[in-house]
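**Student:** Task: produce atomic coordinates for the following.
(one chain, ligands or ions: 1)
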Amino acid sequence: QNYIHNIEQRNDEINAVVSLDKDAALQRAGAVQDRMDEGTAGKLAGMVVGIKDLICEKGKQATCASNILANFESVYDATVIERLRDEDAILLGRLNMDEFAMGSSTENTIYEPTHNPVDITKVPGGSSGGSAAAVAADFCTASLGTDTGGSIRQPASYCGVVGLKPTYGRVSRHGLIAFASSFDCIGPLTHTVKDAAILLETLAGFDENDNTSSSRAVPNYRQFTESPDANIRIGVPEEYFGEGLDDEIREGIRSQLAELEESGAELVPIHLPHMKYGIATYYILATAEASSNLARYDGVRYGHRADIKEVEADLKKEEEALKEQIKLAEGEEKVKLGAQLEDMDSPLIRLYKKSRTEGFGTEVKRRIMLGTYVLSAGYYDAYYGKAQKVRRLIKRDFTKAFEEVDVIVSPTAPTTAFDIGANIENPVQMYLNDIYTISANLAGICGINIPAGTHSNGMPYGMQFMADTFEEGKLFNAAR
Ligand code: GLN
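**Tutor:** This is a model prediction of the structure:
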């Protein structure tokens with residue numbers, strides 16, 4: 001009731017929640033309360049969780065903030081949803097996001113943009129901006145987001161909350177609507193590191209429905225937050241503190257590191273020389289995967305479908321106009337127009353095209369074009385093939401670094417949250433937001449954002465710890 005009250009007070013201005021399950025949540029809360037009284041409740045009893053609108057919950061919308069899925073209802077539960085329910089979490093509703101998780105500001109959405117609860121003239125970050133804002137505004141205890149290039153950690157940084165991107169394969173993607181399958185990770189956004197650890201214990205683990213999910217045992221993550229060990233080696237990569245980083249954020253993180261050193265941590269200067277290729281590599285590989293994943297939205301099996309009658313009528317009109325032209329034409333011109341008539345798309349192809357044209361937003365179309373281009377014969381080796389090699393070099397940099405250190409520290413984002421509208425016309429500027437987060441996705445390692453301070457402009461900023469694959473325990477320890 002408390003969370004519903006907060007939503008009713010402030011969601012109009014923040015717009016993090018796009019669909020609220022008020023009655024179901026209250027009913028469920030009653031049932032969980034009964035189990036708590038009986039002593040039979042699950043581990044997450046008392047946790048109220050909001051869900052990014054691209055994780056399937058049976059019978060609920062899962063729009064990906066896209067017109068193409070505006071009328072879509074999930075027919076099954078994602079594995080993470082089943083696991084949350086099994087442990088008695090209360091699911092509250094669906095949260096705003098950038099369309100198909102493409103973006104860094106939660107402005108690419110069929111809903112209005114989400115506003116940052118700290119200052120509503122600012123973006124909350126993205127693409128899990130609704131998930132970060134919902135936690136920051138105290139609309140829920142925690143939320144689920146997804147991180148393909150930084151989409152949990154960057155909005156967590158902008159909104160001043162904790163955001164965890166687990167190791168690739170630690171959490172099942174079954175029931176997550178795909179953006180870039182070799183990068184996508186589901187993870188929690190929370191108020192505290194401990195809540196992130198508790199949630200990961202529930203979310204993590206093998207799932208026979210996702211053959212990239214790991215069968216490694218799930219550790220007791222909570223223990224790492226209970227008596228944290230300050231005696232750790234923290235790698236400080238020079239490349240992450242250079243040009244482009246806000247001076248106050250740099251200083252703020254340095255002073256946090258000095259404190260950690262005083263309490264027993266060892267700071268180790270390290271190098272990650274290939275990080276400078278991270279953004280370019282990601283935007284080749286992720287768009288390639290996206291162009292393939294998004295091919296399934298054809299308006300036929302599900303999702304938005306253009307009006308077939310209109311399609312047929314338009315086609316007929318064009319055919320007739322062409323036939324008129326053919327009548328009047330002569331010689332070569334006549335042959336050319338005849339061929340054009342032969343080559344006209346069938347109504348079904350027209351239907352695909354129109355459905356996709358109407359269904360996808362500008363950023364998604366940009367990615368489909370980029371991705372299709374880098375996968376085309378003749379360009380594949382030059383772009384896609386090369387990017388895969390660079391991905392391996394980035395991974396190797398991390399593997400080498402983790403031979404020496406337990407965790408690596410960095411800023412999460414180069415600046416604090418920017419003004420709504422400021423970057424919307426400039427995709428490259430928008431892409432640069434992920435400069436510090438994207439390498440972890442390329443390497444498949446885990447990372448966490450924790451609030452690190454408040455800037456003199458009044459906005460929060462975060463710092464990131466990264467750890468090697470399946471070393472979330474080290475992240476929780478350092479973060480705590
Ligand atoms: N901002 C990045 C992008 O637009 C990352 C998105 C994400 O992590 N889902 O691709």
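
**Student:** in the lowest-mean-pLDDT helix or strand in the chain, what's buried?
**Tutor:** The weakest-scoring helix or strand in the chain, judged by mean pLDDT, DSSP states H and E, is helix 427-431 (a mean of 92). By neighbour count on 16 or more other C-beta atoms under 10 Å, the buried set for helix 427-431 is 427, 430, 431. C-beta: built from backbone N, CA, C; applies to glycine.

**Student:** Check stretch 299-313 too.
**Tutor:** 299, 303, 304, 305, 306, 311.

**Student:** chain center to that stretch: distance?
**Tutor:** Centre-to-centre, stretch 299-313 and its host chain are 29 Å apart (C-alpha atoms, centre = their mean, to the nearest Å).

**Student:** Could I get the average pLDDT for that stretch?
**Tutor:** In this model, stretch 299-313 carries a mean pLDDT of 94.

**Student:** Name the residues of the stretch 301-450 of the chain found near the ligand, please.
**Tutor:** Residues of the stretch 301-450 of the chain lying close to the ligand by C-beta under 6 Å from any ligand atom are residue 434.

**Student:** Just the closest residue of the stretch 301-450 of the chain to the ligand, please.
**Tutor:** Of all residues in the stretch 301-450 of the chain, residue 434 sits closest to the ligand, at 4.9 Å by C-beta to the nearest ligand atom.

**Student:** need the contact list for that residue.
**Tutor:** With contact taken as C-beta atoms under 8 Å, 6 or more residues apart in numbering, residue 434 is in contact with 104, 149, 150, 154, 279, 282, 413.

**Student:** if we can go back for a sec, which two in the buried residues of stretch 299-313 are spaced the farthest apart?
**Tutor:** Farthest pair in the buried residues of stretch 299-313 (C-beta to C-beta) is 303 and 311. Separation: 15.9 Å.

**Student:** With only the CA atoms kept, save the longest helix belonging to the chain in CSV.
**Tutor:** Secondary structure of the chain per DSSP state H: the longest helix is helix 308-328. Output in CSV follows, covering the C-alpha atoms of helix 308-328 (Å, rounded to 0.1, in the frame of the first residue of the first chain):
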residue,chain,number,x,y,z
ILE,A,308,-4.1,-5.4,-45.2
LYS,A,309,-7.0,-3.6,-47.0
GLU,A,310,-5.0,-0.4,-47.2
VAL,A,311,-1.9,-2.3,-48.3
GLU,A,312,-3.9,-4.0,-51.1
ALA,A,313,-5.6,-0.8,-52.1
ASP,A,314,-2.3,1.0,-52.3
LEU,A,315,-0.8,-1.8,-54.3
LYS,A,316,-3.6,-1.8,-56.7
LYS,A,317,-3.4,1.9,-57.2
GLU,A,318,0.3,1.7,-58.0
GLU,A,319,-0.2,-1.2,-60.4
GLU,A,320,-2.9,0.7,-62.3
ALA,A,321,-0.7,3.8,-62.5
LEU,A,322,2.1,1.8,-63.8
LYS,A,323,0.0,0.0,-66.4
GLU,A,324,-1.2,3.5,-67.6
GLN,A,325,2.4,4.5,-68.0
ILE,A,326,3.2,1.3,-69.8
LYS,A,327,0.5,2.0,-72.3
LEU,A,328,1.9,5.4,-73.2
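
**Student:** I'd like to know which elements that helix is packed against.
**Tutor:** Packed against helix 308-328 by the contact rule (3 or more C-beta pairs under 8 Å, 6 or more residues apart in numbering; DSSP states H and E) you find helix 331-342, helix 347-359.
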